[in-house]
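1. Sequence first, then the predicted structure:
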Amino acid sequence: MEEKSRDFLAGRVKDLATRAYMNNFITHTDFLSVSEIAMFHQILASEGVSSNVHEYCGARYVIYGGFDDAERAMVCFLPEYMDEETFLLSEKSEQTVLSCVSIKPVNSKFSDDLNHRDYLGSLMNLGIERDQIGDILSGDKQAYVFATPEIAQMICKELIRIRHTSVKCEIVNASECDIRPEFEEIQGSVASERIDAILAFVYHLSRSEAQKLIESESVFIDGRTAYSGGYDLKEGARVSVRGHGKFIYQGQQNVTRKGRLFVSVKKFI
């Protein structure tokens, strides 16, 4: 199944990149999950394309989800006349690739305490596919959802109630979204970049406890189940641990005098 998904994604991104290069206009994927974005990088690597180049089949590309550190994002292939900076500036003002929808209760005094699952469930009930919306950022009595422009319009017209709460939706500039995932930066020394060593460091576990989490298939790296504690984490890897939370591995900073690695992670609160 994974091989089939990879083949489909490989064909899709090659077609989009070629169209952007040949026709000189922006093309983009639907919203990709963390594992699909990792798969995209694997596709590039398998073809000898460095992920540092940000170019594929002649077209520059940007991975864009509406804000920094978005989990779900599109791969956008750019025309010849546009670079990454120009694209991002254009999106801030025009929102041609994706839109930001603000969701608020009609009367905050009588609204339920809504969470991420409530918002996602209501959107799915409208018949929206998961790859048509990006991250959902929920806060106190308000949420923002990133979506394609067409789906954003649909949400504004059709989403009127979440659980027992009447809501109002409007498309806003992405800069108005003031909700971000909260995290703390943790730094310290580890023996190696093995996933079991990093897990033990982040969650204050013994190596054997970290290994048990892996053996119980409770650890996911870039959306995929980790089966071995010997896997070395790469910079930027997103790790989710069932029952513990998630973090982004920011990589090795330096080496201590005793040969241990000084590393940094962003642990989501």
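-> Perfect, thanks for sending it. Numbers count the residues shown, from 1 in each chain.

2. need the helices for the protein, in chain order.
-> 2-23, 34-46, 84-94, 116-124, 149-158, 195-203, 207-215 (DSSP state H).

3. For the fourth one, which residues meet the burial criterion?
-> The reference is to helix 116-124. 118-120, 122-123 (16 or more other CB atoms under 10 Å). Backbone N, C-alpha and C define where each C-beta goes, glycine included.

4. Which one of those residues is nearest to residue 163?
-> residue 118 (5.8 Å; CB to CB).

5. tell me the two of the buried residues of helix 116-124 that are most distant?
-> 118 and 123 (9.8 Å).

6. Is the nearest residue to residue 122 once chain neighbours are set aside bridged to anything, and to what?
-> Leaving aside its sequence neighbours, residue 122 sits nearest to residue 162 (CB to CB, 6 or more residues apart in numbering; 4.5 Å). Taking DSSP bridges, one obtains residue 165 as the residues bridged to residue 162.

7. show me what contacts residue 162?
-> Residues counted as contacts of residue 162 (CB atoms under 8 Å, 6 or more residues apart in numbering) are 103, 112, 114, 118-119, 122.

8. isn't residue 252 right up against residue 234?
-> No: Residue 252 lies out of contact with residue 234 (CB atoms under 8 Å); the separation is 10.5 Å.

9. Hmm, residue 240 and residue 218 touching each other?
-> No: Residue 218 lies out of contact with residue 240 (CB under 8 Å); the separation is 9.1 Å.

10. Compare these two and say which is more crowded by neighbours.
-> Neighbours were counted for residue 218 and for residue 240 using other CB atoms under 10 Å; residue 240 has more, 18 against 15.

11. On the pLDDT front, check that one for me.
-> pLDDT recorded at residue 240 is 95.

12. Residue 217 is in contact with that one, correct?
-> No: taking contacts as CB under 8 Å, residue 240 lies outside contact range of residue 217: 11.9 Å.

13. Give me the below-cutoff pLDDT ranges for the chain.
-> Within the chain, the stretches with pLDDT under 70 are 1-4.

14. which residue is nearest the centroid of it?
-> residue 71 (1.2 Å; CA atoms, centre = their mean).

15. Report the contact partners of the nearest residue to residue 69 once chain neighbours are set aside.
-> Take residue 69 and drop its neighbours on the chain: the residue closest to it by CB to CB, 6+ apart is residue 181, 6.8 Å away. Residue 181 makes contacts with 69, 137, 268, as judged by CB under 8 Å, 6+ apart.

16. What number of residues are in the vicinity of the second one?
-> The tally of other residues near residue 137 (other CB under 10 Å) stands at 21.

17. Same question for the longest strand along the chain: list its buried residues.
-> Secondary structure of the chain per DSSP state E: the longest strand is strand 245-255. For strand 245-255, burial by neighbour count (16+ other CB under 10 Å) applies to 246-250.
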